[in-house]
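Q: Give the three-dimensional model of this entry:
(2 chains)
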There are 2 protein chains.
Amino acid sequence: MPEFFNVLPPDEARRLLFDHLTHRTAGQTIAVQEALGRVTLRAVHAPHALPAFRRSTMDGYAVRAADTHGASESLPAFLSVVGEVPMGAPASVELGVAEAALVHTGGMLPDSADAVVPVELTQRLGDGAGFPHEIEVFKAMALGQNVLQVGEDVAAGAQILPVGHLLRPQDLGGLLAVGITTLEVAARPRVGILATGDEVVPPEQAPGPGQIRDINSYTVAGLTEKAGGIPVLGGIVPDNLHALQEAAERMLSGCDMLVLSAGSSVSVRDVTVQVVDGLGEPGVLLHGVATRPGKPTIVGVVDGKPVVGLPGNPVSAMVQYDMFGVPAVYRLQGVMEPPLRGIVWARLAHNVASETGREDYVPARLESEGDSLRAVPVFGKSNLIYTLVNADGLIKVPLNKGGLLAGEWVEVRLF
Amino acid sequence: MPEFFNVLPPDEARRLLFDHLTHRTAGQTIAVQEALGRVTLRAVHAPHALPAFRRSTMDGYAVRAADTHGASESLPAFLSVVGEVPMGAPASVELGVAEAALVHTGGMLPDSADAVVPVELTQRLGDGAGFPHEIEVFKAMALGQNVLQVGEDVAAGAQILPVGHLLRPQDLGGLLAVGITTLEVAARPRVGILATGDEVVPPEQAPGPGQIRDINSYTVAGLTEKAGGIPVLGGIVPDNLHALQEAAERMLSGCDMLVLSAGSSVSVRDVTVQVVDGLGEPGVLLHGVATRPGKPTIVGVVDGKPVVGLPGNPVSAMVQYDMFGVPAVYRLQGVMEPPLRGIVWARLAHNVASETGREDYVPARLESEGDSLRAVPVFGKSNLIYTLVNADGLIKVPLNKGGLLAGEWVEVRLF
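A: Numbers count the residues shown, from 1 in each chain, chains lettered A, B, ... in the order given. Next up, the predicted model:
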């Protein structure tokens, strides 16, 4: 184990992890329609301009702006409507002096037109069907008014998405709009998850006296999935160095990341440290993060892949995995800055004690209070999964604060 | 069409929609491990207490608290350690007066013990291996100290999840912890999506002059998926009443909800209104919402199922679908209050103009500025998909505000 500090504040701990995390998943080409939540493998550029032709943004008349100059309510311009631009077809009608063409929202502008008069600024004269017919225009149009220019949405060749971009619905729309229907994305990282503990049994088994069901494998799997990873569950390994070492090696070689949900007693933690160090270089980077819950977290890297040893109790395990594991799952796909977390502000219902020099995360339930929210801390030992089930998020008590007072506005990170 | 107001503020519009939306998806039983993001069909109760036995929260010694009374650094209590509680096994060791048992974090408490002394508050005397051996205890323990009581996490029979609850990773953990491995959830709603417009071609087709690619079908599909729905793409329907009516009827009968992404010209909008009214009762509830972008949205209900007619331009379509479609997809699964949106606060970089009496949503990019964020409005006509691609969220300008000033703190809804 290299000579690092044993206990670090979370930001420094994350930086240390990321400095060593060099592994990335491979690339694969998929249909853009299937790419929601996936990550771009390289920057994407627009193959052509969007829109590819000048379009009207209004229902109205395509005109030459000069023909409307000086027009007003009291002194309208008179134009002759010589045809209609059908939707989805070329604008074949050509305008001479004082001529206009009927055009719909999204319709193509005739070459000779350079503005659109909205229909509500005009009045039709006479009532004969067909073309030509006369209209009055009550307002002067500027050059380009109510017209979407070629490339106004995106220019030909412009970068439309950077590398390492997490794809949202609008990004799929942007890609499809310029005809990009397949895309190279990062493969979803495989995250190996091992539970240890002689007291731990699978959830489908009735635990005997002294035994409990494995739940950390599944909460970690859920958080992994939400970050785009594929959880690979390796089951429950007995509490001994040899068995854990063997299982860890096997899992890491077939995965992009390894999570050990270890027992929380000191002796078991020591075994986890030995196992991580035994997997390869650099091994354990730190064992201990200055947070509550979750101090005894082990963070390591082996051959560029992240290895995280979580405390056995379920609240610490989830909060710590969210803090180190989830950003690592994103990083493996090339996302350097994980998406902004959902955060809401709420008024604190009770005092919360803390210690300076430690980041505390206090589970809280959110209740409506008029137009704003009230954060009610869910107190409970960090062994209790139901403190998280009953919570909507975590109140962060910053490193340098000794506590929070009832009535204070606090930041609640939705969880 | 019933006699409702034509243009409503978004909150009232949503209420009107929900008052008529009575349809729900069927139930299905699935494995809890596969239930992330699904919704409970009924309330769930704990089949047994958790923990099911008294557990130690520390590495240390199980004791009878009375035996430590009066103990201090200068006047320690002397106890005889008569055995160890192995992890995952019954605590068979019994304690007499002034006796203790070695116990690990999570280990079972012997029946006769009622507190745990952490190892760091003790000192072992002598160095012989095996039991019994003597320890000094330097602090008095209270009854129950460092012990998790039976049912302290959740009591037998207690409601652990309400009906209509969207399942998060911690909820799966909570269910598995009490041995619930399968669960009745709401089926994922099938959302039929039809695009219309004579100018619209599929994304894989090269558009001719005057033509554009369909993107709304895919952005709506993406938002639907994120809300737990199954998008059912019905393709592009020609702009005529008969064709659209037929396609809409077919889609609605096989789906739980229908979305029409219509052209945005007035005449096409009128066709959509006729189609929705022709599908059944009550039909169109409103056509027009007091927001920008997105005013010409059509919201209806047919036989209890939601029907939404979106404006053709991509930004309006996404913002409006997010406002009405997404909550409806949740509601169909029984989620009465959609999950809190991710919201961040940021300092506004430029003035933003608005009109009172209208809710404006201004796309904005978020930039770091020291410890806080700066919201830079992405100005662009609402026809431009790349205003959303380049944005991280939407700044909300409330109904009664005439605009926002540079430097103001604003709420940005992550999008």
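
Q: Residue ranges in chain A under the pLDDT threshold?
A: A:1-6, A:263-267, A:382 (pLDDT under 70).

Q: Bridged to the closest residue to A:G157 other than its chain neighbours, which residues?
A: Among residues not flanking A:G157 along the chain, A:H45 sits closest, at 5.7 Å (Cβ to Cβ, 6 or more residues apart in numbering or on different chains). Yep, even glycine has a C-beta here, placed from its N, CA and C like the rest. With DSSP bridges applied, A:H45 shows beta-bridge pairing to A:Q159.

Q: Kindly report the same for A:Q123.
A: A:E136.

Q: Check the gap between it and A:A71 for me.
A: 12 Å (Cβ to Cβ, to the nearest Å).

Q: Show me which of those two is the more surrounded one.
A: When A:Q123 and A:A71 are compared for neighbours, A:A71 comes out ahead with 21 against 12, by other Cβ atoms under 10 Å in any protein chain shown.

Q: which residues sit in contact with the residue most central in space within chain A?
A: Against the mean C-alpha coordinate of chain A, by Cα atoms, centre = their mean, the closest residue is A:P339 at 4.1 Å. Going by Cβ atoms under 8 Å, 6 or more residues apart in numbering or on different chains, A:P339 touches A:166, A:330, B:414.

Q: A:L233 too?
A: With Cβ under 8 Å, 6+ apart, A:L233 has these contacts: A:193, A:217, A:221.

Q: Name the helix or strand for the first one, please.
A: Using DSSP states H and E, the element containing A:I193 is strand A:190-196.

Q: What of the second one?
A: For A:S217, the enclosing helix or strand under DSSP H and E is helix A:216-226.

Q: quick one: A:A115 and A:A142 touch, right?
A: Yes - with contact defined as Cβ atoms under 8 Å, A:A115 counts as touching A:A142 (6.7 Å).

Q: Give me the common contacts of the two.
A: A:A65.

Q: in the stretch 301-415 of chain A, what residue is nearest chain B?
A: A:G342 (3.0 Å; Cβ to the nearest Cβ).

Q: near chain B, anything from the longest strand seen in chain A?
A: In chain A, assigned by DSSP state E, the strand with the most residues is strand A:359-369. Yes - contact of strand A:359-369 with chain B (Cβ under 8 Å from any Cβ of the partner chain) involves A:L366.

Q: partners of that strand, with directions?
A: strand A:291-292 (parallel), strand A:372-377 (antiparallel), strand A:393-397 (antiparallel).

Q: List the buried residues in it.
A: A:359-366 (16 or more other Cβ atoms under 10 Å in any protein chain shown).

Q: Tell me which entries of the contacts of A:P339 lie within strands.
A: Using DSSP E, these in strands are B:L414.

Q: which of the contacts of A:P339 has the most neighbours?
A: Going by other Cβ under 10 Å, A:Y330 tops the contacts of A:P339 with 22 neighbours.

Q: before we move on, which element is the nearest residue to that one once chain neighbours are set aside in?
A: Of all residues not flanking A:Y330 in the chain, A:P338 sits nearest, at 4.5 Å (Cβ to Cβ, 6+ apart). Per DSSP H and E: A:P338 is located in neither a helix nor a strand.

Q: need the contact list for A:P338.
A: If you count contacts by Cβ under 8 Å, 6+ apart, then A:P338 has A:227, A:326-327, A:330 around it.

Q: follow-up on the earlier one: can you list the strands that the strand holding A:I193 pairs with?
A: For strand A:190-196, pairing defined by DSSP bridges yields strand A:230-237 (parallel), strand A:257-261 (parallel).

Q: just the helices in the stretch 1-150 of chain A please.
A: A:10-20 (DSSP state H, counting those that start in this stretch).

Q: scratch that, the stretch 151-300 of chain A is what I was asking about
A: Counting by DSSP H, counting those that start in this stretch, the helices of the stretch 151-300 of chain A are A:169-177, A:216-226, A:241-254, A:266-279.

Q: Contacts only, for A:H23.
A: A:256, A:303-306, A:332.

Q: Those in strands, which ones?
A: A:305-306.

Q: Let's have the contacts of A:H23 in CSV, adding neighbour count and distance to chain B.
A: Listed next are the contacts of A:H23 as CSV, based on neighbours: other Cβ atoms under 10 Å in any protein chain shown; distance: Cβ to the nearest Cβ, whole Å:
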residue, neighbour count, distance to chain B
A:D256, 25, 20
A:D303, 13, 28
A:G304, 15, 27
A:K305, 23, 22
A:P306, 27, 19
A:L332, 27, 19
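
Q: Taking the contacts of A:H23 together, which two end up most distant?
A: A:D303 and A:L332 (13.0 Å; Cβ to Cβ).

Q: Please report how far A:A140 lies from A:L75.
A: Applying Cβ to Cβ to A:A140 and A:L75 gives a distance of 10 Å.

Q: I'm done for today, thanks for sticking with me.
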